[in-house]
Structures are given as structure tokens and as C-alpha cells.
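Novice: Below is the sequence, then the predicted model.
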Amino acid sequence: MTERRNNQRSTTLQGRAHEAEALTHPVIASRRRGNLINIIMKLKKPSTLKRLESSQRGIGLVELIIAIAITGIIGAAATMAIHQVLTGTALSNDLNTAINNVQLAGYLVNRDALQAQEVMLDDPDTSAITEFLTLSWTDWDSNDKYRIAYTLEGMPSGDLKYLRRREAIHDKDGNLKKDEFTGPVPQYIYVDTDPTKPTNCVWDETKKVLTFTVKAQVGDETETRTFQVKPRPD
């Protein structure tokens, strides 16, 4: 009986010795420690950490979808803004051109009408050319006779007109000193088939007042101005 107990004790001691030796062996010890750590991590990993890892795997796709949506919105807004800027610039340029030509026409007619001693609308003696407005006067110093004729001539395309100024000067003896078109030339002048609508001239013989209404059209933009001039007294 005693011998059997001694044998069991000896076997137990030998097993423990082998276990101790295995634990001290570097390879076996490393493997066991690794397995032990993995087991502990699996046992102790909280559920919130698992959910976080799961959500992190989906964040990339969600962010990508949001980024694409935002990029699309920004791109559409930028395209609309650029279109509005370009369209607005074109409209602004057309309107400025119309305004400039109306102002130029008003300036030229006003300057000549102030000196006019005779005002004639569509001179009948020049049937071959439609003289929109004819202004005449004699210079007080040189006695030269001035005749300024404004004619409406078609532009290369469309129904718009040039308002051209022709200046003829004769000396006191009737000799021609000058007869030529002079610039600058107002362009894009709109003339309605109704003579009472722009562009037109009205001469009030009683009040001695010339009313000049001019309209210019560039693209879809139009500008209309009315100028009134009272020529110098005779």
C-alpha cells in the first residue's frame, strides 16, 4: 500500500517536472502565452468595442456617399453661378453698347442743332438719299455756309441702321470747301416703320424746338433717349 502511494507521488512529481520544463522552454512558453492572451482578449472584449469596429468598417462608404452628394451640389451651384455671371456680363455689355450709341447720337445732333439757323426733316431735294435730318447755318466770323445732313444707312446684317453725319461747307462765294462723311458713327439705331415712333425727329416751328428721339438695340437690350434742342436765335 505504501509502495503504491510512493509510485503515484513519484509519477505526479515527474509530471510536474515535465510541465515546469515545458514552461521554461522558450518556444512552448511563447505559444502558450500567445494562446492565453488570445483567449483572454476573446473573453474580455466588450460588446461596445465590437460595435465600434463594425461601425468603423461602414464609415468609409457613408462618407464617400456624403462626399459625392456634396460635390454634386457644389458643382451644380458653381455651374449655375458661372452661367449667370457670363449671361449677366453679356447682357451688361449689350446694354452698355446700346447706351453709348444713343448718347453719341444725341451728342452729335445736339451740337449741330444748337448752331442751326434752318432745320429740315427729310430734305425733298435729296430724294435719292433719305436725309433723316438736315441742319444749316452760316458762320458769323467766316461767313462759310454749313450744311449737316444725317442719314440712316443699313448695317450689314439685320434691320438696324448707322446714323451717318455728312458735312458740306461752302465759302461766302459759294465755292465748295468740304463735303464728306465725318465720324464717329452711331450704330445699332432702331427705326420703326411707324414714323411717330423711335427713331424720329420733330420740329416745332412755333417754339423753335427740335425733339430728337433715338433708339438703339443690341442683342436683346434696347435703350431709348429723347433730346430737345432750341437752336440759337437768328
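Specialist: Looks like it arrived, so ask away.
Novice: quick one: contacts for residue 109?
Specialist: Residues in contact with residue 109, defined by C-beta atoms under 8 Å, 6 or more residues apart in numbering, are 133, 150, 210, 212, 214, 227, 229. C-beta coordinates here come from the backbone N, C-alpha and C atoms, glycine included.
Novice: What's the first helix or strand after the host helix or strand of the first one?
Specialist: To tie it back to what came earlier, the one meant is residue 133. Per DSSP states H and E: residue 133 is located in strand 131-138. Counting by DSSP H and E, the next helix or strand C-terminal to strand 131-138 is strand 145-154.
Novice: So what are the sheet partners of that following strand and their directions?
Specialist: Strand 145-154 sits in its sheet next to strand 131-138 (antiparallel), strand 161-170 (antiparallel), going by DSSP bridges.
Novice: Do a quick rundown of the helices in this protein.
Specialist: Applying DSSP state H to the chain gives helices spanning 2-24, 26-44, 47-115.
Novice: Give me the domain ranges for this protein.
Specialist: Taking automatic domain parsing as the domain assignment, the ranges for the chain are 2-44, 93-229.
Novice: tell me the most buried of those?
Specialist: Highest mean neighbour count of those: domain 93-229, a mean of 16 (counted as mean count of other C-beta atoms under 10 Å).
Novice: mean confidence for that domain?
Specialist: Averaged across domain 93-229, the pLDDT comes to 91.
Novice: Now do it: distance from first to last residue.
Specialist: Domain 93-229 has an end-to-end distance of 29 Å (criterion: C-alpha to C-alpha, to the nearest Å).
Novice: any idea how far the residue nearest to residue 97 when sequence neighbours are not counted is from residue 99?
Specialist: Of all residues not flanking residue 97 in the chain, residue 218 sits nearest, at 4.5 Å (C-beta to C-beta, 6 or more residues apart in numbering). Using C-beta to C-beta, to the nearest Å, one obtains 9 Å as the distance from residue 218 to residue 99.
Novice: Spit out the contact partners of the spatially closest residue to residue 200 that is not a sequence neighbour.
Specialist: Closest residue to residue 200 apart from its sequence neighbours, by C-beta to C-beta, 6+ apart: residue 213 at 5.6 Å. Counting by C-beta under 8 Å, 6+ apart, residue 213 touches 198-202, 224-227.
Novice: Which of the residues you listed sits closest to residue 103?
Specialist: Nearest to residue 103 among the contacts of residue 213: residue 225, at 7.2 Å, using C-beta to C-beta.
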